[in-house]
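Q: Turn this into a model:
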Amino acid sequence: MDAPFLSSYAKRWMCPVTNVLLEVKDLKVRFYLSERTVHAVNDVSFTVNEGEVVGLVGESGCGKSVTSLSVMRLIREPGRIDEGQVLLHGDGSTRDLLQLSASEMEHVRGNLISMIFQDPTTSLNPVLNIGYQLMEPLKLHRQMSPERAREAAIRLLERVGIPEAKGRLKEYPHQYSGGMRQRVMIAMAVACHPKLLIADEPTTSLDVTIQAQILDLLRDLQKELNTAVIIITHNLGVIAELAEKVAVMYAGTIVESGPVEGIFNTPLHPYTRALMYSIPPLRSRPERLVTIEGMPPQVLSEIVGCPFEPRCAYRIGRCSTERPLPRSLAPGHACACWVAREGGLPDA
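A: Residues are numbered from 1 along each chain as shown. Have a look, this model is predicted:
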């Protein structure tokens, strides 16, 4: 190929050059219980670019939260990260977070990478007031004096929509509503302007109206700070609203990944397609909701073939004996399936 052809080819098919912020490579996480081993995450790989919003979606128990906790190095016994790399790029250097010491990771958490946990009720310390919990990362990572940290904490509460912020610094988590506690968690997470924000089911325990407000707040803050975001959810509507790229997880593996528009319009993996079909339409009333037959596998051992094979309407012989690896079927769109092809799935 000559250079002009390469140039036009790149403009038409290749994604624009972006700076990769986070690379998760071949991540394996196991939970070693007394009588069994749970294979929670199996060879998970994905990337997050600077300023990008990536969705991690799948049903409960598929490994989404374990993956995010692994990035933060928050897996505790009996859990263990057995293999893989979590590479954080930036400032002209690359660090494998799995190889850092405990003190080095303390500098990363809350500073370079922050996390909004699923349940703010259990994530906030009930015996410390909100002001103390907001000021702590500012004093630790930004070396602010108590006076400056207090002023910054007030501004943070005001930014996330907490009224009478100055007076409410002295209050405790139980004096805040569920939605306000989640706003406090968001304020704590963005206090040090992290490069990456991980939001683990940030709206699960909230009513619909408050959910919309929290999602709007996350979107606005992400644009203001140009922070990359990994949003973890089982709600495809949240992914459609916030994310640019999505990875679909099933039984501890990523079965499909790509641009949100491509995956929503042309799902290539049978599991992704089944998820899309299980969403009730807004403008018509179907006679019966489409369901995915069967149950997810118990990940108590290595799965030999495709983990979705027992529930799949498209399965062929090799699906039960050979594990499919992700392969590119469209620009930026990869799928781990033997029968998937460019343009969609064949007729079942």
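Q: so where's the protein uncertain?
A: 1-18, 282, 284-287, 347-348 (pLDDT under 70).
Q: phi, psi of Gln182?
A: Here is the backbone geometry of Gln182 (degrees, to the nearest 10): phi -70, psi -40.
Q: no no, Pro331
A: phi -50, psi 120.
Q: what about it, neighbour count?
A: 12 (other Cβ atoms under 10 Å). Every residue, glycine included, has its C-beta placed from N, CA and C.
Q: From Gly262, how far off is it?
A: 8 Å (Cβ to Cβ, to the nearest Å).
Q: Next: Pro78.
A: On the measure of Cβ to Cβ, Pro78 and Gly262 end up 39 Å apart.
Q: And the strands in the stretch 51-200 of the chain?
A: 53-57, 79-90, 93-96, 113-116, 196-200 (DSSP state E, counting those that start in this stretch).
Q: which helices and strands does the fourth one pack with?
A: What that stands for is strand 113-116. Using 3 or more Cβ pairs under 8 Å, 6 or more residues apart in numbering; DSSP states H and E as the contact test, the elements touching strand 113-116 are helix 178-190, strand 196-200.
Q: same question, the second one
A: With contacts taken as 3+ Cβ pairs under 8 Å, 6+ apart, strand 79-90 sits against strand 20-32, strand 37-49, helix 64-71, strand 93-96.
Q: which of these is buried the deepest?
A: Stretch with highest mean neighbour count among these: helix 64-71 (a mean of 23; mean count of other Cβ atoms under 10 Å).
Q: any idea of the angle that one forms with strand 79-90?
A: Angle of helix 64-71 versus strand 79-90, following axes from the mean of the first three to the mean of the last three Cα atoms, to 10 degrees, is 60 degrees.
Q: Give me the contact list for helix 64-71.
A: 22, 24, 27, 29, 40-41, 44, 56-58, 75, 79, 81, 84, 86, 97, 113, 115, 118, 198, 200-201, 230, 232-234, 249 (Cβ atoms under 8 Å, 6 or more residues apart in numbering).
Q: Swap in 7 Å and give it another go.
A: 24, 27, 29, 40-41, 44, 56, 58, 75, 81, 86, 97, 113, 115, 198, 200, 230, 232, 249 (Cβ atoms under 7 Å, 6 or more residues apart in numbering).
Q: Pull out the CA atoms of it and give them to me as PDB.
A: The C-alpha coordinates for helix 64-71 follow below in PDB (Å, rounded to 0.1, in the frame of the first residue of the first chain):
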ATOM      1  CA  LYS A  64     -18.400  -6.500  36.800                       C
ATOM      2  CA  SER A  65     -17.800  -5.300  40.400                       C
ATOM      3  CA  VAL A  66     -15.000  -7.800  41.000                       C
ATOM      4  CA  THR A  67     -13.200  -6.400  37.900                       C
ATOM      5  CA  SER A  68     -13.600  -2.800  39.200                       C
ATOM      6  CA  LEU A  69     -12.300  -3.800  42.700                       C
ATOM      7  CA  SER A  70      -9.400  -5.500  41.000                       C
ATOM      8  CA  VAL A  71      -8.400  -2.200  39.300                       C
END
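Q: can you list the residues that contact stretch 255-271?
A: With contacts defined as Cβ under 7 Å, 6+ apart, stretch 255-271 is touched by 46, 239-240, 243-248, 250, 272-273, 276, 308, 312-314, 329-330, 332-337, 340, 343-345.
Q: Among the residues you listed, which ones are in helices?
A: The helices, defined by DSSP state H, take in Ile239, Ala240, Thr272, Arg273, Met276 from the contacts of stretch 255-271.
Q: What about those residues, which one has the most neighbours?
A: If you rank the ones in helices among the contacts of stretch 255-271 by neighbour count (other Cβ under 10 Å), Thr272 sits at the top with 28 neighbours.
Q: and the nearest residue to Val190 once chain neighbours are set aside, which of the three is it?
A: The shortest distance from Val190 to any non-neighbouring residue, by Cβ to Cβ, 6 or more residues apart in numbering, is to Leu221 (5.6 Å). What DSSP: H, G, I helix; E, B strand; the rest coil gives for Leu221 is helix.
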